[in-house]
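>>> quick one: sequence plus predicted model below, questions after.
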Amino acid sequence: MENGTIKRIAVNTGGGDAPGLNAVIKAVTMSAIQRGWEVYGIRDGYNGVFLPAQYPNGDGVIRLTQEIVKDITAMGGTILGTTNRGNPLKFPMKTANGTVVEVDRSDEIVEGLKRYNIDAVVAIGGDGSLTMANEFHKKGVRIVGVPKTIDNDLSGTDTTFGFDTAVSFATECIDRLHYTAKSHKRIMVVEVMGRYAGWIALNSGVSGSADVILIPEIPYDIKKVADFLNGTFTEEKDYAIVVVAEGAFPRDGGYAVIEKEAGKSERLGGAADKVVEQLSHLVKKEARTAILGHLLRGGSPTTFDRLLSLRFGAAAVRALEEGQSGVMVAHKVPNMTYIPIEEAIGKLKTVNPDGETIRTGRELGICFGD
């Protein structure tokens with residue numbers, strides 16, 4: 001599949017949704033059509049070719065045309081659907097005795113792509129989706145990856161699309177919560193997504209004038225957080241904003257994991273509730289949680305994310321035309337470049353605890369729990 005002229009390509013979206021996915025799909029489609037290629041969209045990650053029976057008439061792969069994609073740049077979500085369950089490399093299957101084991105069924109996807117006469121694939125996704133893409137490359141599929149995550153934690157690229165939109169919305173929410181916290185003289189503990197990296201919490205917290213920011217890269221001491229908060233309350237300022245990344249954890253504890261099953265990504269949750277419960281015994285004010293969760297994934301992408309997404313999609317098609325495979329498009333400011341997928345996967349890009357944004361936060365008087 002890696003050799004020969006490209007006539008037909010496929011594009012898919014995997015993992016969690018992110019603002020900008022549709023803009024990437026549009027750029028891939030339009031750029032490919034400009035080259036005379038046919039473009040098809042695989043529904044719900046690889047399910048369209050992997051599990052076609054679940055779709056009406058087995059139609060898990062759809063033709064993408066200029067008419068279909070012309071107005072989707074500003075749309076949130078993904079017109080192709082997505083999934084973060086049923087990883088085909090570790091597909092959960094029940095054995096005869098009822099236990100669940102993980103089975104590699106990736107060869108079925110390779111065969112499915114051949115049935116649809118797909119010459120190349122643009123795979124849009126995060127670390128898990130790109131890991132799959134790398135395995136398909138090893139099996140002879142011509143494939144180019146596009147990094148997607150609102151968490152901005154993918155190694156090898158300066159920025160991922162969706163991150164700016166998530167931070168912008170989180171900051172708007174924090175701005176609003178200042179008024180609620182002030183009106184009720186409370187501590188508002190705002191939990192944001194980010195998994196094992198604190199980029200969203202850090203950027204939105206600093207931008208939104210938070211009093212405390214807790215991120216996974218700096219395990220916190222709740223006593224120090226409480227002492228800091230108690231020391232900030234005055235007649236003029238009798239409330240506080242605490243921003244907590246979902247992966248933040250105390251020095252004497254670990255991540256708050258609420259789900260871990262075969263074939264699924266580990267799911268985090270409850271970090272803000274843990275902080276509120278701990279603070280309830282140590283601070284003078286009532287503390288309440290505000291969990292932004294999936295609100296950060298939805299909505300229309302910002303101008304920055306729209307342009308970045310379009311650039312990613314166009315660069316992915318350019319890479320295919322140049323004969324590239326097994327690479328990920330990377331945003332290396334100010335350019336788009338390519339790096340081997342295997343260099344980008346399995347390595348988190350985390351916040352530097354001594355980095356400039358942390359230093360700026362400290363100089364603004366923000367507490368990081370240490």
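Sure thing, it's come through. Numbers count the residues shown, from 1 in each chain.

>>> tell me the centre residue of this structure?
Per CA atoms, centre = their mean, the C-alpha nearest to the average position across the chain is that of T149, at 2.4 Å.

>>> all helices of the chain, in order?
Assigned helices in the chain, in chain order: 21-34, 47-50, 66-69, 106-115, 127-138, 163-184, 199-207, 222-232, 271-279, 303-321, 341-344, 356-363 (criterion: DSSP state H).

>>> and the closest residue to K347 other than its chain neighbours, what does it touch?
Excluding the flanking residues, the one nearest K347 by CB to CB, 6 or more residues apart in numbering is S155, at 4.1 Å. Bear in mind the C-beta positions are built from the backbone N, C-alpha and C, glycine included. By CB atoms under 8 Å, 6 or more residues apart in numbering, S155 lies in contact with 343-345, 347-349.

>>> how near is K332 to E342?
To E342, K332 is 18 Å away according to CB to CB, to the nearest Å.

>>> likewise for T29?
According to CB to CB, T29 and E342 sit 27 Å apart.

>>> looking at these two, which is more packed in?
Higher neighbour count among T29 and E342: T29, with 27 against 15, using other CB atoms under 10 Å.

>>> my read: the more buried one touches V11, true?
Yes: counting by CB atoms under 8 Å, V11 is a contact partner of T29 at 7.2 Å.

>>> which residues are in contact with G313?
Applying CB under 8 Å, 6+ apart, the residues near G313 are 23-28, 31, 122, 146.

>>> in CSV: these, plus neighbour count, distance to L364 and pLDDT.
Converted to CSV, those look like this (neighbours: other CB atoms under 10 Å; distance: CB to CB, whole Å; pLDDT from 0 to 100):
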residue, neighbour count, distance to L364, pLDDT
A23, 25, 34, 98
V24, 28, 35, 98
I25, 29, 39, 98
K26, 25, 39, 98
A27, 24, 38, 98
V28, 30, 41, 98
S31, 22, 43, 98
V122, 29, 41, 98
V146, 31, 35, 97
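
>>> closest one to D107 out of these, please.
The shortest approach to D107 among those belongs to V122, at 20.9 Å (CB to CB).

>>> test my guess that the closest one contacts G14.
No: counting by CB under 8 Å, V122 stays clear of G14, with 11.6 Å between them.

>>> ok, how many other residues are close to the nearest residue to K139 once chain neighbours are set aside?
Leaving out its chain neighbours, the residue that sits closest to K139 by CB to CB, 6+ apart is V110, at 5.1 Å. For V110, the count of nearby residues is 15 (other CB under 10 Å).

>>> how about A287?
A287 has 21 neighbours, counted by other CB under 10 Å.

>>> so what's it bridging to?
Judged by DSSP bridges, the bridge partners of A287 are I187.

>>> in contact with it, which residues are there?
A287 makes contact with 186-189, 242, 275-276, 279-280 under the criterion CB under 8 Å, 6+ apart.

>>> kindly recompute the last result at 6 Å.
By CB atoms under 6 Å, 6 or more residues apart in numbering, the contact set of A287 is 187, 189, 276, 279.

>>> separation between the last one and R318?
This points to L279. Distance from L279 to R318, by CB to CB: 51 Å.

>>> of these two, who's got more company?
Between L279 and R318, counting by other CB under 10 Å, L279 is the more crowded of the two (21 against 16).

>>> what pLDDT does that one get?
With respect to pLDDT, L279 scores 94.

>>> how about it, nearest residue that isn't a chain neighbour?
Per CB to CB, 6+ apart, closest to L279 is A287, 4.9 Å.

>>> kindly report the same for S325.
Among residues not flanking S325 along the chain, R142 sits closest, at 4.5 Å (CB to CB, 6+ apart).

>>> V327 is in contact with that neighbour, correct?
No: under the criterion of CB atoms under 6 Å, R142 makes no contact with V327, lying 10.6 Å away.

>>> burial count for V317?
27.

>>> then P334?
Neighbourhood size, P334 [other CB under 10 Å]: 6.

>>> from E277, how far out is it?
Counting by CB to CB, the separation of P334 from E277 is 46 Å.

>>> again, but for F161
Noted for F161: a distance of 36 Å to E277, by CB to CB.

>>> how about V69?
From V69 to E277 the distance is 47 Å (CB to CB).

>>> more neighbours: those two, which one.
V69 (21 against 13).

>>> which ones are touching the more buried one?
Here V69 is in contact with 26, 29 (CB under 6 Å, 6+ apart).

>>> just the local confidence number for it, please.
V69 is assigned a predicted lDDT (pLDDT) of 97.

>>> what sits against the nearest residue to G45 once chain neighbours are set aside?
Closest residue to G45 apart from its sequence neighbours, by CB to CB, 6+ apart: G14 at 4.0 Å. By CB under 6 Å, 6+ apart, the contact set of G14 is 45, 82, 125, 129.

>>> between these, which is closest to N117?
Distances from N117 to these, taken as CB to CB, are shortest for G45 (20.1 Å).

>>> model confidence for that closest one, exactly?
pLDDT, G45: 92.

>>> I figured it hits T83, correct?
Yes: with contacts counted by CB under 6 Å, G45 reaches T83, the gap being 4.6 Å.

>>> fine, thanks again, bye for now.
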